[in-house]
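1. Generate a structure from the sequence data that follows.
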Amino acid sequence: MHATAGDRLLVHGKTVGERDRPGLIIEVRGPDGCPPYVVRFDDGHTGLVFPGPDAIVVPVQRGS
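-> From the prediction side, this is the model:
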């Protein structure tokens, strides 16, 4: 998993009825875009995240 600041992180719910947790990656602390990431989730919570297999990085489109 690789990301850059500005990408979105989507953590899927682990159980039926649990909502996905989308957030904005505001800092990448691992080498070469690897985790951990500092993420500001859409609910306002900010935390250090080591994403598991239930998470995906959604890259933002950058101008060319």
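2. Find the residue ranges of this protein scoring beneath the pLDDT cut-off.
-> Applying pLDDT under 70 to the chain flags residues 64.
3. how about the strands in it?
-> Assignment of strands within the chain using DSSP state E yields the ranges 8-11, 21-28, 37-41, 46-49, 55-58.
4. how about CSV for those strands, with distance to M1 added?
-> Using the backbone N, CA and C atoms, a C-beta is placed for each residue, glycine as well. Output for those, formatted as CSV (distance: least, C-beta to C-beta, whole Å):
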stretch, distance to M1
strand 8-11, 9
strand 21-28, 11
strand 37-41, 9
strand 46-49, 11
strand 55-58, 6
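5. Of those, flag the one that's most buried.
-> Greatest average neighbour count among those goes to strand 37-41 (a mean of 20), per mean count of other C-beta atoms under 10 Å.
6. How about residues contacting that one?
-> The contact list for strand 37-41 (C-beta atoms under 8 Å, 6 or more residues apart in numbering) reads 3, 9, 21-30, 46-49, 51.
7. Give me the distance between that strand and the centre of its chain.
-> 6 Å (C-alpha atoms, centre = their mean, to the nearest Å).
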